[in-house]
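K.L.:
Give me coordinates for this.
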Amino acid sequence: MAPRRKANDPPQVLSASYLEGAKNKNDLLKRLKNITEQLSDEDVEPHSPHYPGLSSLATSLVSVNDDDDTSYIYLNHKDKDVRLHSVLACMELFYIYAPEPPWNEDEIIEIFQQMIRQLGNLATCIPNDTSVSNQVHQYEAYFRILEQLSEVKIGVVLVDLVRTEQAPHALETLCELIKTILTCVHVDHPPEVGQHAESAVAACVEEFEGNIPNAVLDELLMPVGSGPVTYSKENPPAQIQQTNPSYLVAAKVLRKTEDKISSPIANLLNGIFSGDPKTLESTSLSAEDSTESPPSSGKKKKKGGKDTSSPTLNFTKDVGAGDVYSIAYELHRITPMILTTVIGTVASDLTNTDVDKRWQATKLLGRLFAARTSDIAMRFRPCFRDWLRRSYDPEGAIREMMIRSLTNFLSSQYNQTDLCSDVSEALSVIIKLDKITEIRVYAIHQVCELAHSATSDDAAAGEANRRKTHPISAVSAELLNAVGSRVSSKFKTERKDAITGLAKIYYKHYVSKKLQHVQEGGENVDIDEILDVLSKENVDTALEEKFSWIPQKVFESVFFTDKQDPDLRSRIFQIVDDIMLGTVKKEGAMLSPTSRAVGLAMMLQTLQTKDSANKWMCTLFSHRSNLQRSLASYLDARSKAKECESGSAEAFTADADAMEKLEKMAALCAPPLATGKNSADEGDLETVLRKLHAAKDKHIFRILSTIATPTHSPSARLRALDELPKRTKSLGNATSSWVRSMARRCAMGSFINSESIDTCIMLSQECFEAGDCEAASHFLRCVKIATSIFPAIGGTKECFKTLAEFFDLCRTTVMTSAMKKDMEKFGIVTIISDILAKAASSRTGKKEKDTDSVDTLRKQLHRTCTREGTPEQARNAVYAIAAMMNPRSKPVTDLSVRARKEKNEFEPILKALVNPSRLSIPDDDANPKTKDRIISVLTAITAIAECAPYAFNASGEGSKLGWGERAIKFALDSALLGRNTRLDTSRDDGDESEDSDNDEESPEKVGVRRPTKGKRMACLCTVK
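P.N.:
Coordinates of the predicted model:
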């Protein structure tokens, strides 16, 4: 306490005559201030001859009106300042006369009641608030009351009255005093206010001997139940989160008096939880959880109907401070030892037949077990196991609430591996076996959100703990597999949400982690970083087992057709295009082209042995390819119809043809959704197609034409998805939605597009140059799958040129025997030849400015056909030569021209193939390579017969047999009938040169070519 000042006023001030001699209110207030100041003198002592009027002053301060003995003249004065300074004077007298106040019990109660009223004003009195006049002086006066309660411990006077039962209203007044002290502290007050409040309340608590009345405990626990944070509603509907100072003071009091107060509080809580009548009668705390609606307030299950008793639980924004469940939860943060005997009492309600009691107990234990700073689950293992069994509770609302509690537990207690294992098992059972679809879906959402919000690197668990997040290890492989099991559910929402959540998890925790260094390296990333991603050495087995199976689930979901589940098919397109390898937005792509190419190779590597997933992946992209061709066909037909004279028969015919093609295209899209007022009409497919076909905005169809080919850029896709909904909005919501859905299915996403395949080709060449044929084969497999479905992607100028150079590199580079074995093992040349055969068919047919690579490719293809190629390579080489000669995009329609071109292209090849040195049955003692050559020759001849019939059937000069006829004769006589006769070449003058083993031989190139990284950068700049 501050030093008491020396008195300057004469002693006569401290007397009843001085106080009662006031002439008016202002004079009275002045005299009260003088009295208070005089009483603060440290020399003032009771019963001192120097202050003979002190006793009469104390009596006068509590004097009553003559006409009303219940109304005190000064304490109940109509002027608030008079009342305030009357209380201040009484506070000084409490100090002077301590420990025996100079008033009777009723007068003491009246003084405390007025004191409580004045102290309550401190909550709204801020010392730094200059907007209110005289605020500083008022604050000092109210603070003086609190200071006296703290330092003089005046509150113990009420405790003595309560303990001795001398005053009927003493307990009520004490409770009101404690409540006022706790609530008078404001968040903007100086720290000493909270300190004095803590000391004043603690003094009252410590004064009790033995039991503490439940009413007193109620006042201490109510601020605790409101939590450490409150929400200001000064500016509704917005809410401002702020610290709850009453909670902080009450918490400090509980910690300070824990030894004295622990048992009384535990007895109170146990009595409430067990429903003891005496306890419930003596407390104002509520035995109901006011934070959420209990199950009984939800919908009841109809007889014979679907269980609707488990809707998502309703939350209320206002948390009841008197809620015993909230109080018990907050106590674990403040004084957890108080709950030692309470946990068992609460756990006994887990099997209560009353659903509300069971639900409230389950929820409280779930909060306590999952609290981040709690070890209650470890200390109360039996209760924890009993709580886990509520995952199979017959009441749906309890199971739903358990889902939330279980996921919260995994998020906060991830270090408790044994307990988390049990929790994961319980969650898995709910996801797999719960009888209510809504609950299974809710569990899927919670688990996926838990996994998606986790930190990717478990090494950062310490950082995660500081940031109140959790590592991905909190979500077990068992849980993710449980979610994956619902992908095949018969309920549409369940399988769609399951596969969407898994795909997002896969990208964040698998793709992003595996490609981290590749992404950081950008387009100049070292090839070793890429090889490390695809290498089978030093593989994180746990990571692979946990996530690598997700793409298989995604593509196997393509099993559901548009007729069965159009929403799922549309969602799969969206997942593949925008989630699994990131997406491209206006502000940029989530992954670089190199990262997407490596991610694609990595993903297809895991699907390599999954025949079913591979099949459905090809089915999905074949769907897109068919849709693109159908859209292009419709746009061409519509354009031709517009060129016809309006109203003519030709126009009607062309328009009908265009409409027919539009209907065929619509069969590859999801049906329109019914929206708007006239939903039945707008959602009709015929109406939607008619509106689209009749649209007058030409730009709609120009935009559609940009995505009707697989070689369009990512920016074309962005433009289509952005502008089409705007331009078709006038056609109705159903039409606009359908067009957007169709465009999303048609446009090439991040998974497979021209940019990523071009990058795959260059990365494959880089891997080959680095001596890793296996990694090169992974990238080539991506290109092979893409070009088998979208040949135009491999037929672009840059892609085809790179493929031609790569093919020449494989055929001519001098390499070690180990490199040759790897190249044959992984089929590098075979894959490239297959890609060339498919890609060449989609080339434009225009003359190339740089024909060196194309001419070199032709020579290597000829050589593959006639000398070194395997049967598959020979067949692919013939197909590639035929496609280069007669591309689909610009086919030769004149038969004579085609026959002449075929003869010029294939006659030298046939001549070399039918030569006796090649077209002969080898001896039994010949080496295996020589024995296999005849199969390659016959395969090449068969492919020529298929691709170039005019050249194959051409007759020889004069009476000579044609090359095709000679091949057929050899096949019949030697291969089928077993007549091991050589071909008759006596009439083929001048043909001996074709029998040489060195015909069309390209010079071998020594060493390794220049690195391809710079080329990749240049090509990427061109694409962009």
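K.L.:
what about the stretch 451-600 of the chain, any weak spots by pLDDT?
P.N.:
In the predicted model, the stretch 451-600 of the chain carries pLDDT under 70 at residues 457-468.
K.L.:
Show me the helices in it, by range?
P.N.:
For the stretch 451-600 of the chain, helices defined by DSSP state H, counting those that start in this stretch occupy the ranges 461-466, 477-485, 492-506, 512-514, 516-521, 527-534, 541-547, 550-556, 566-578, 593-606.
K.L.:
Could I get the full set of helices for the stretch 801-950 of the chain?
P.N.:
817-825, 828-840, 852-863, 871-885, 895-913, 928-947, 949-953.
K.L.:
For residue 343, which of these is the nearest?
P.N.:
Residue 343 sits nearest to helix 817-825 of all those, at 64.1 Å, using Cβ to Cβ. (Each C-beta comes from the backbone N, C-alpha and C, glycine too.)
K.L.:
and residue 95, what does it touch?
P.N.:
Contacts for residue 95 (Cβ atoms under 8 Å, 6 or more residues apart in numbering) come out as 148, 152, 154.
K.L.:
give me that answer again for 7 Å
P.N.:
Contact analysis of residue 95 by Cβ atoms under 7 Å, 6 or more residues apart in numbering lists 148, 152.
K.L.:
do residue 113 as well
P.N.:
Counting by Cβ under 7 Å, 6+ apart, residue 113 touches residue 173.
K.L.:
any idea how far residue 139 is from it?
P.N.:
Using Cβ to Cβ, to the nearest Å, residue 113 is found at 22 Å from residue 139.
K.L.:
and of the helices of the stretch 801-950 of the chain, who's closest to residue 120?
P.N.:
Closest among the helices of the stretch 801-950 of the chain, using Cβ to Cβ: helix 828-840, at 84.4 Å.
K.L.:
Any chance you could list what contacts the closest one?
P.N.:
768, 773, 776-777, 780-781, 783-784, 787-788, 791, 794-795, 799-800, 803, 806-807, 810, 823, 864, 870, 872-873, 876-877, 879-880, 883-884.
K.L.:
try 8 Å this time
P.N.:
In contact with helix 828-840 (Cβ under 8 Å, 6+ apart) are residues 768, 773, 776-777, 780-781, 783-784, 787-788, 791, 793-795, 799-800, 803-804, 806-807, 810-811, 823, 857, 861, 864, 869-870, 872-873, 876-877, 879-880, 883-884, 887.
K.L.:
for stretch 76-89, same thing?
P.N.:
25, 28-29, 32-33, 35-36, 39, 57, 61, 74-75, 111, 114-115, 117-118, 141, 144-145.
K.L.:
List the buried residues of it.
P.N.:
By 16 or more other Cβ atoms under 10 Å, the buried positions in stretch 76-89 come out as 76, 77, 81, 82, 83, 84, 85, 86, 87, 88, 89.
K.L.:
Using CSV, list the CA coordinates for it.
P.N.:
Extracted in CSV, the C-alpha atoms of stretch 76-89 (Å, rounded to 0.1, in the frame of the first residue of the first chain):
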residue,chain,number,x,y,z
ASN,A,76,-28.1,5.8,-0.9
HIS,A,77,-27.8,9.4,-1.7
LYS,A,78,-29.3,10.5,-5.0
ASP,A,79,-26.0,12.0,-6.1
LYS,A,80,-23.6,9.4,-7.4
ASP,A,81,-20.5,11.3,-6.3
VAL,A,82,-21.8,11.4,-2.8
ARG,A,83,-22.4,7.7,-2.8
LEU,A,84,-18.9,7.1,-4.2
HIS,A,85,-17.1,9.1,-1.6
SER,A,86,-19.2,7.7,1.2
VAL,A,87,-18.0,4.3,0.2
LEU,A,88,-14.4,5.5,0.0
ALA,A,89,-14.7,6.9,3.5
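K.L.:
Please identify the deepest-packed of the helices of the stretch 451-600 of the chain.
P.N.:
Most buried of the helices of the stretch 451-600 of the chain by mean neighbour count (mean count of other Cβ atoms under 10 Å) is helix 593-606; its value is a mean of 25.
K.L.:
what's the spacing between that helix and its chain's center?
P.N.:
Computed by Cα atoms, centre = their mean, to the nearest Å, the chain-centroid distance of helix 593-606 equals 22 Å.
K.L.:
quick check: angle from the very next helix or strand once past that helix to helix 593-606?
P.N.:
Using DSSP states H and E, the helix or strand that follows helix 593-606 in sequence is helix 611-643. Relative orientation of helix 611-643 versus helix 593-606 (axes from the mean of the first three to the mean of the last three Cα atoms, to 10 degrees): 130 degrees.
K.L.:
Flag every buried residue along helix 611-643.
P.N.:
In helix 611-643, counting by 16+ other Cβ under 10 Å, buried: 613-614, 616-618, 620-621, 623-625, 627-628, 630-635, 637-638, 641.
K.L.:
Next: stretch 436-449.
P.N.:
Within stretch 436-449, the residues scored as buried using 16+ other Cβ under 10 Å are 436-448.
K.L.:
Please apply the same query to stretch 765-785.
P.N.:
For stretch 765-785, by 16+ other Cβ under 10 Å, it's 765-770, 772-785.
K.L.:
Could I have the CA atoms of that stretch written out in CSV?
P.N.:
Extracted C-alpha coordinates of stretch 765-785, given in CSV (Å, rounded to 0.1, in the frame of the first residue of the first chain):
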residue,chain,number,x,y,z
GLN,A,765,16.8,-37.4,-75.1
GLU,A,766,18.6,-35.8,-72.2
CYS,A,767,18.3,-39.0,-70.1
PHE,A,768,19.5,-41.0,-73.0
GLU,A,769,22.5,-38.8,-73.4
ALA,A,770,23.1,-39.1,-69.7
GLY,A,771,23.2,-42.9,-70.1
ASP,A,772,20.0,-43.8,-68.3
CYS,A,773,17.8,-45.7,-70.8
GLU,A,774,15.3,-46.6,-68.2
ALA,A,775,14.5,-43.0,-67.4
ALA,A,776,14.4,-42.2,-71.1
SER,A,777,11.9,-45.1,-71.6
HIS,A,778,9.6,-43.6,-68.9
PHE,A,779,9.4,-40.3,-70.7
LEU,A,780,9.0,-42.0,-74.1
ARG,A,781,6.1,-44.0,-72.6
CYS,A,782,4.3,-40.8,-71.8
VAL,A,783,4.8,-39.6,-75.4
LYS,A,784,3.7,-43.0,-76.8
ILE,A,785,0.4,-42.9,-74.8
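K.L.:
which regions of the stretch 301-450 of the chain sit below the pLDDT cut-off?
P.N.:
301-321.
K.L.:
List the contacts of the residue lying closest to residue 97 once chain neighbours are set aside.
P.N.:
Nearest residue to residue 97 in three dimensions, chain neighbours excluded: residue 46, at 5.3 Å (Cβ to Cβ, 6 or more residues apart in numbering). By Cβ under 8 Å, 6+ apart, the residues touching residue 46 are 54, 55, 96, 97, 102.
K.L.:
The nearest residue to the second one once chain neighbours are set aside and residue 95: what is the separation?
P.N.:
Spelled out, it's residue 55. Leaving aside its sequence neighbours, residue 55 sits nearest to residue 102 (Cβ to Cβ, 6+ apart; 6.4 Å). In this view, residue 102 and residue 95 are 12 Å apart by Cβ to Cβ.
K.L.:
Equivalent analysis for residue 484, please.
P.N.:
Per Cβ to Cβ, residue 484 is found 74 Å from residue 95.
K.L.:
do residue 192 as well
P.N.:
For residue 192, the distance to residue 95 - Cβ to Cβ - is 19 Å.
K.L.:
cool, residue 137 as well?
P.N.:
Residue 137 is 21 Å from residue 95, by Cβ to Cβ.
K.L.:
again with residue 73
P.N.:
23 Å.
K.L.:
Show me what the host helix or strand of residue 688 packs onto, helices and strands only.
P.N.:
For residue 688, the element it lies in under DSSP H and E is helix 685-693. If you count contacts as 3 or more Cβ pairs under 8 Å, 6 or more residues apart in numbering; DSSP states H and E, helix 685-693 packs onto helix 649-666, helix 733-746.
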